[in-house]
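Asker: Just a sequence and a predicted model for now, questions to come.
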Amino acid sequence: MDMSKTENQRGDLYSRITDRIIEDLAKGVRPWMKPWNSANTAGHITRPLRYNGQPYSGVNVLLLWSEGITRGYTSSTWMTFKQALELSGAVRKGETGTTVVFASRFTKSETDGNGGEVEREIPFLKAYSVFNVEQIDGLPDQYHHRPAPVLDPVERVGHADRFFRDTGAAIRHGGNQAFFAPAADLIQMPPFESFKDAASYYATLSHEVTHWTAPAHRLARDLSRYAKDKSERAREELIAELGSCFLCADLGIVPELEPRPDHASYLDSWLKVLTDDRRAIFQASAHAQRAVAFLHSLQLAAADERLVA
């Protein structure tokens, strides 16, 4: 394998995807919010889905959300050309695919300082194309007219409450600011009734609970330079914002469409971080994915405890 060619291809992929996100941020648009800048979102919020109903993760969520809204697709399901064929469907002539990425590793043998052979694992990104079901003819009916399950608002509040309770996070209410305090290991939230609606409360809480996953005894994201280093703060806030979006999609809640006044200034910081580091959006998406997966794992643990009790 030609390593220099592979490095260039990977660098180009990082740059292409990052440039697309930078373009939106430069206009003051957070591209991961695009799916909700339209009417009638209630009950229709979901992550992009693969042909088998499994949700996409990490940076692919952002890519497919952004592409879906840009092209005006209402379906959240995507598949490869080959998967469409296997389902007796056919991508319409002239349709163009959307790039998504697959992270993998290959092993390379190298000689160590003593003349011995050592195996080194090298991560790489591979790009491939997917098509929205609205670009494909002949698919089984189940891929069309699949309405998202709409939860009763009271039931939705109940399941969100249960989700956050089952994380085990210490959540205290009072005052007019929302934040995670690492030293005390608690989340501070304004009273529920001070938010304009329930979705705003849960969207804000999902942001703070993503921060809550950072300490060493959870996911060990280093927050030691958060207060002093603007770039480190911007990276952690990007992780929390993306984590909140992923989590809101999983819970069927509309995320914070308007940035909180204390967060509005992050746009410029994100632009700088993404411009200086072409891998930053991939890393932030991966950290956000890990945070949300960790929060979901706590649900299973809490359910097991209830069964034992």
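Answerer: All right, it came through fine. Small disclaimer: the values here were computed from a predicted structure and weren't measured.

Asker: Surely residue 121 is in contact with residue 110?
Answerer: No: at 11.1 Å, residue 121 and residue 110 do not qualify as touching, with contact defined as C-beta atoms under 8 Å. C-beta coordinates here come from the backbone N, C-alpha and C atoms, glycine included.

Asker: can you list the weak-confidence ranges in the stretch 51-200 of the chain?
Answerer: Within the stretch 51-200 of the chain, the ranges that satisfy pLDDT under 70 run 145-151.

Asker: Report all helices and strands that whatever helix or strand residue 273 lives in contacts.
Answerer: Per DSSP states H and E: residue 273 is located in helix 266-276. Counting contacts by 3 or more C-beta pairs under 8 Å, 6 or more residues apart in numbering; DSSP states H and E, helix 266-276 packs against helix 3-26, helix 230-251, helix 280-308.

Asker: among those, which is the most enclosed?
Answerer: helix 230-251 (a mean of 22; mean count of other C-beta atoms under 10 Å).

Asker: packing partners for it?
Answerer: Using 3+ C-beta pairs under 8 Å, 6+ apart, helix 230-251 sits against helix 59-71, helix 153-166, helix 198-212, helix 266-276, helix 280-308.

Asker: quick one, which of the ones you listed is nearest to residue 116?
Answerer: Evaluated with C-beta to C-beta, the helices and strands packed on helix 230-251 place helix 280-308 nearest to residue 116, the distance being 32.7 Å.

Asker: tell me the mean pLDDT for the closest one?
Answerer: Averaged across helix 280-308, pLDDT comes to 89.

Asker: and what of stretch 266-274?
Answerer: On average, the pLDDT along stretch 266-274 is 95.

Asker: Contacts for the helix holding residue 273, please.
Answerer: Around helix 266-276, the neighbours that count as contacts under C-beta atoms under 8 Å, 6 or more residues apart in numbering are 18, 21-22, 25-26, 28, 30, 230-231, 233-235, 237-238, 241, 259, 280-281.

Asker: which residues does the spatially closest residue to residue 71 that is not a sequence neighbour contact?
Answerer: Residue nearest to residue 71 in three dimensions, not counting chain neighbours: residue 132, with 7.3 Å by C-beta to C-beta, 6 or more residues apart in numbering. Contact analysis of residue 132 by C-beta under 8 Å, 6+ apart lists 68, 71, 73, 75, 77, 78, 98.

Asker: Just give me the closest of the residues you listed to residue 289.
Answerer: residue 78 (17.4 Å).

Asker: from what I can see, the closest one looks like it's in a strand, true?
Answerer: Yes: using DSSP: H, G, I helix; E, B strand; the rest coil, the assignment for residue 78 is a strand.
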